[in-house]
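Could you look at this predicted model? Sequence included:
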Amino acid sequence: MSAQKKPVLTLTRKASTTLVKYQLITALGAIATAGEKAFGAVTVDAEAGDDIAVDVLGSTVVIAGAAVADGAEVEVGTDGKVITATTGKVVGVALQAAAANEAFEILIRG
């Protein structure tokens, strides 16, 4: 199944650094730190200072930092990618399985 998304809420933020489509970011437009809470997922590539659309509620597409199983709770890994939750803050639930560096759909948990 290909990655798809159905966001319920997409907000605009200003990128504070170079961002890659599908990274998880903070509310200040920076790449989310491993294990910490994320604001949402970037929908486009961006340079510092660009206005960006960020999916913050509903389902969205992210990039796997390692293999993730369908239905697994997920957290932020390195570089704003998503990994299976272990000790970090849960940011969502995988709606499909993914291999490392693969785009896949998650349900964002606020």
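Sure thing, it's come through.

So which residues of the protein form strands?
6-14, 24-25, 40-42, 51-63, 73-76, 82-84, 92-94, 103-108 (DSSP state E).

Ala98 and Ile83 touch, don't they?
No - with contact defined as C-beta atoms under 8 Å, Ala98 does not reach Ile83; the gap is 10.2 Å. Every residue, glycine included, has its C-beta placed from N, CA and C.

So which of the strands of the chain is nearest Thr33?
Closest of those to Thr33 is strand 73-76, at 6.8 Å (criterion: C-beta to C-beta).

could the strands of the chain go into JSON lines alongside distance to Ala34 and mean pLDDT?
What follows is those, written out as JSON lines (distance: least, C-beta to C-beta, whole Å; pLDDT from 0 to 100):
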{"stretch": "strand 6-14", "distance to Ala34": "20", "mean pLDDT": "95"}
{"stretch": "strand 24-25", "distance to Ala34": "10", "mean pLDDT": "98"}
{"stretch": "strand 40-42", "distance to Ala34": "16", "mean pLDDT": "97"}
{"stretch": "strand 51-63", "distance to Ala34": "14", "mean pLDDT": "97"}
{"stretch": "strand 73-76", "distance to Ala34": "6", "mean pLDDT": "98"}
{"stretch": "strand 82-84", "distance to Ala34": "8", "mean pLDDT": "98"}
{"stretch": "strand 92-94", "distance to Ala34": "15", "mean pLDDT": "98"}
{"stretch": "strand 103-108", "distance to Ala34": "16", "mean pLDDT": "97"}
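
how about those strands in JSON lines, adding distance to Ile31 and mean neighbour count?
Below are those laid out as JSON lines (distance: least, C-beta to C-beta, whole Å; neighbours: other C-beta atoms under 10 Å):
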{"stretch": "strand 6-14", "distance to Ile31": "12", "mean neighbour count": "14"}
{"stretch": "strand 24-25", "distance to Ile31": "6", "mean neighbour count": "28"}
{"stretch": "strand 40-42", "distance to Ile31": "9", "mean neighbour count": "27"}
{"stretch": "strand 51-63", "distance to Ile31": "12", "mean neighbour count": "20"}
{"stretch": "strand 73-76", "distance to Ile31": "9", "mean neighbour count": "24"}
{"stretch": "strand 82-84", "distance to Ile31": "12", "mean neighbour count": "21"}
{"stretch": "strand 92-94", "distance to Ile31": "17", "mean neighbour count": "21"}
{"stretch": "strand 103-108", "distance to Ile31": "17", "mean neighbour count": "21"}
